[in-house]
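Undergrad: Sequence and computational prediction follow.
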Amino acid sequence: MLTISQLASYAGVTVRAVRHYHRIGLLPEPERDRSGYRTYDAVAVVRLIRIRTLADAGVPLARVQELLAAGPEEFAGGVQEIDKALRAEIRRLEDTRSRLARLAAGEHLALPQSVVDYLDRLRGLGVEERYIEMERDAWIMIAAQVPHSIDSVIAKKHEELDDPEMVKLYSLLSGALDWPADDPRIVQVADIMERLMIRAVEVGEVGADDGIDDQFVDLLDSAMVESSPHAARLLAILEERGWRGWTRIERVPAERLNPELPPS
């Protein structure tokens, strides 16, 4: 007869594992002998080895008892079910690893790939990292608000970047972070923005349903004003010209739709 330590050694497990299998009912717990010790026979060794083999193969302990009592066909079917569940878990874990790898780049946190690619394009155009970080935070909020349409929104942004005036606007806004408060170039930014807004009005993009509620628009606008030292002045200039809105154009001055604005 064997002590619990000898049983564990022969089966290749720890004494702690043996006691755990006792507690969950996988391994019958023998009565104590006259000396107060529990002793085990060869049957216990074989059963414990079978338990260990199934557990090492990835079989959940909750299903080990079922497989130990199963006939050949039931055993094969049970193993196939477990294998199917394990393959699904592997796919889930691989997907998790893929997401973690993307998160290592930082910007992938809460951002779809389309937005990350757009931000990378801005970097390629020479936009400063400080400005990209501000835009990134705005896109995180937008992507969470309209997850099903964010890719089409970004596709439109890519089209806009084909316009040299949009590229120049980004260049100016990026550099504006270091401008003095009274820098006259902010008027140049306002001129470019107005031309772009006029084009948006002319092609019918203003007033279309963007899927974003008014409160969220106000949140984005306030975040922009707080993040840039010149944003409030820029909005004031545009409002003096009759425009209102940043994230969403809310008022269009009819008299400005065919202005003679200075070229960029």
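TA: Done, it's in.

Undergrad: So what touches the helix or strand containing residue 165?
TA: Residue 165 is part of helix 164-175 when elements are defined by DSSP states H and E. With C-beta atoms under 8 Å, 6 or more residues apart in numbering as the test, helix 164-175 has contacts from 122, 125-128, 130-131, 160-161, 185, 188-189, 192-193, 195-196, 228, 264. Quick note: C-beta positions are derived from backbone N, CA and C, even for glycine.

Undergrad: From those residues, list the buried ones, please.
TA: When neighbours are counted using 16 or more other C-beta atoms under 10 Å, the contacts of helix 164-175 contain these buried positions: 122, 127-128, 131, 161, 189, 192-193, 195, 228.

Undergrad: Now that we have these, can you turn them into JSON lines and tack on distance to residue 89, secondary structure and pLDDT?
TA: Written out in JSON lines, the entries for these read as follows (distance: C-beta to C-beta, whole Å; DSSP: H, G, I helix; E, B strand; the rest coil; pLDDT from 0 to 100):
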{"residue": "122", "distance to residue 89": "39", "secondary structure": "helix", "pLDDT": "94"}
{"residue": "127", "distance to residue 89": "42", "secondary structure": "coil", "pLDDT": "92"}
{"residue": "128", "distance to residue 89": "44", "secondary structure": "coil", "pLDDT": "90"}
{"residue": "131", "distance to residue 89": "42", "secondary structure": "helix", "pLDDT": "89"}
{"residue": "161", "distance to residue 89": "42", "secondary structure": "helix", "pLDDT": "94"}
{"residue": "189", "distance to residue 89": "53", "secondary structure": "helix", "pLDDT": "93"}
{"residue": "192", "distance to residue 89": "53", "secondary structure": "helix", "pLDDT": "94"}
{"residue": "193", "distance to residue 89": "52", "secondary structure": "helix", "pLDDT": "90"}
{"residue": "195", "distance to residue 89": "55", "secondary structure": "helix", "pLDDT": "91"}
{"residue": "228", "distance to residue 89": "47", "secondary structure": "coil", "pLDDT": "78"}
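
Undergrad: Helices of the stretch 101-250 of the chain, start to end?
TA: Counting by DSSP state H, counting those that start in this stretch, the stretch 101-250 of the chain has these helices, from start to end: 113-124, 129-145, 150-161, 164-175, 185-202, 214-227, 231-240.

Undergrad: Is it possible to get a markdown table of these that adds distance to residue 41?
TA: Formatted as a markdown table, the helices of the stretch 101-250 of the chain follow (distance: least, C-beta to C-beta, whole Å):
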| stretch | distance to residue 41 |
| --- | --- |
| helix 113-124 | 61 |
| helix 129-145 | 62 |
| helix 150-161 | 66 |
| helix 164-175 | 79 |
| helix 185-202 | 85 |
| helix 214-227 | 71 |
| helix 231-240 | 82 |
